[in-house]
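Engineer: Return a 3D structure for these sequence lines:
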Amino acid sequence: MGKHRILSGIQPTGDLHLGNYLGAIRNWVALQEEYDSFLFMADLHAITVPHDPQQLAENTYKVAATYLACGIDPNKATVFVQSHISAHSELAWLFNCITPLNWLERMIQFKEKAVKQGENVTVGLFDYPVLQAADILLYEPDLVPVGEDQKQHVELTRDIANRFNFQYGSAEQPVIKLPEPMIQKAGARVMSLTDGTKKMSKSDPSEMSRIDLVDPPEVILRKVKRCKSDPTRGLEFDNPDRPECDNLLTLYMLLSGQTKEAVAQECAEMGWGQFKPLLAETMVEALKPIQDQFHSLMDDRTYLESILKQGREKAEAIALTTLGKAKAALGYSQPL
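Structural biologist: Now for the predicted structure:
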């Protein structure tokens with residue numbers, strides 16, 4: 001029996017940050033040893049909100065380079081660009097035609113994003129969970145690594161697959177394979193440096209809210225020095241009244257490779273003036289090899305493009321097979 005397959009992706013909407021690395025990419029690096037990993041740049045999703053057309057392609061290459069710089073091995077994982085495989089859009093349309101409107105109206109993340117967009121909310125933003133379902137189901141993964149905040153999307157994906165199978169398949173011969181969510185625990189939710197109750201995000205208008213993986217040492221030092229803390233001396237995990245303290249200790253724990261118990265003991269008597277330089281130094285040291293490799297990859301566009309071509313060819317073969325099964329079940333004629 002072959003390896004179980006996993007699939008995940010990140011939108012190329014800007015430089016990736018520590019939340020992307022600790023919450024997703026670092027887990028993918030470990031998982032590629034055990035699973036058949038399909039990892040993509042979700043550039044179709046990137047245009048569901050206002051974007052800069054001059055930067056989209058460059059940002060896509062940056063995300064690909066970041067994957068590889070963080071340790072994704074193209075000999076073990078399939079890395080590809082979403083928009084390079086038109087089956088994503090085509091299967092999404094087929095799913096649109098069987099997905100009840102009220103399923104999308106209850107999606108929490110749409111409601112959160114819609115508030116930010118105001119009158120600029122588009123059909124694409126409302127409908128992106130259906131495209132996300134197509135992204136997943138095209139590759140017939142066994143598991144989808146997600147944080148708790150994305151679990152609802154995997155549940156919707158399963159609902160769409162079940163509905164399609166009920167209407168156009170059978171219990172004995174389902175058309176679409178159902179995946180299971182793989183909920184990542186440690187480090188799965190890295191919080192903002194300016195508000196410990198909010199997730200670190202590329203869309204936050206304040207650059208001080210996040211540590212980008214390509215931030216130079218002096219920028220990391222400045223951001224950590226100015227990040228939100230509290231007046232209490234002595235640092236501790238898991239105090240709901242000190243969310244920033246918990247977040248910063250967690251970052252130190254994950255980047256230093258220490259256990260939670262060791263960090264709690266080391267930092268129990270520390271003040272922020274002692275801890276923040278320690279955290280910044282740990283960040284700089286942890287990110288240096290990633291940054292060096294990232295810049296090397298970005299300088300070798302030919303190699304990067306060859307990896308994406310290799311990934312597209314492998315991914316597209318699987319995607320077209322799944323799309324073909326879905327179209328046949330719906331009764332479409334086959335091109336001659």
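
Engineer: quick one: contacts for Asp246?
Structural biologist: Residues in contact with Asp246 (Cβ atoms under 8 Å, 6 or more residues apart in numbering) are 196, 236-239. Yep, even glycine has a C-beta here, placed from its N, CA and C like the rest.

Engineer: And the next helix or strand past the strand or helix carrying it?
Structural biologist: Asp246 belongs to helix 243-256 when assigned by DSSP states H and E. Going down the chain from helix 243-256, the next helix or strand is helix 260-267, by DSSP H and E.

Engineer: mind exporting that next one as PDB, just the C-alpha atoms?
Structural biologist: Below are the C-alpha coordinates for helix 260-267, written out as PDB (Å, rounded to 0.1, in the frame of the first residue of the first chain):
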ATOM      1  CA  LYS A 260       7.200  24.100  27.300                       C
ATOM      2  CA  GLU A 261       8.300  23.100  30.800                       C
ATOM      3  CA  ALA A 262      11.900  24.200  30.100                       C
ATOM      4  CA  VAL A 263      10.800  27.600  28.700                       C
ATOM      5  CA  ALA A 264       8.400  28.100  31.600                       C
ATOM      6  CA  GLN A 265      11.200  27.500  34.100                       C
ATOM      7  CA  GLU A 266      13.700  29.700  32.200                       C
ATOM      8  CA  CYS A 267      11.400  32.700  31.900                       C
END
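
Engineer: got the buried residues for it?
Structural biologist: Within helix 260-267, the residues that qualify as buried are 263-264, 266-267, counting by 16 or more other Cβ atoms under 10 Å.

Engineer: Which other helices and strands does that helix contact?
Structural biologist: Applying 3 or more Cβ pairs under 8 Å, 6 or more residues apart in numbering; DSSP states H and E, we find helix 260-267 packed against helix 243-256.

Engineer: For the helix it packs on, buried residues please.
Structural biologist: Here helix 243-256 shows 243-256 as buried, counting by 16+ other Cβ under 10 Å.

Engineer: What ranges does the stretch 101-250 of the chain have for its strands?
Structural biologist: Under the criterion DSSP state E, counting those that start in this stretch, the stretch 101-250 of the chain contains strands at 143-146, 180-183.

Engineer: highest average neighbour count across those?
Structural biologist: strand 143-146 (a mean of 21; mean count of other Cβ atoms under 10 Å).

Engineer: which strands and helices sit next to that strand?
Structural biologist: For strand 143-146, the packing partners by 3+ Cβ pairs under 8 Å, 6+ apart come out as strand 5-10, helix 26-31, helix 151-168, strand 180-183.

Engineer: can you do 7 Å?
Structural biologist: Helices and strands touching strand 143-146, by 3 or more Cβ pairs under 7 Å, 6 or more residues apart in numbering; DSSP states H and E, are strand 5-10, helix 26-31, strand 180-183.

Engineer: Mean pLDDT lowest where, among the ones you listed?
Structural biologist: Among the helices and strands packed on strand 143-146, strand 180-183 has the lowest mean pLDDT, at a mean of 90.

Engineer: Mind listing what's buried along the longest helix anywhere in the chain?
Structural biologist: The residue-count maximum for a helix in the chain (DSSP state H) belongs to helix 301-330. Applying a neighbour-count criterion of 16+ other Cβ under 10 Å, one finds 304, 307-308, 311-312, 315-316, 318-319, 322-323, 325-327, 329 buried in helix 301-330.

Engineer: quick check: angle from it to helix 151-168?
Structural biologist: For helix 301-330 against helix 151-168, the angle by axes from the mean of the first three to the mean of the last three Cα atoms, to 10 degrees is 40 degrees.
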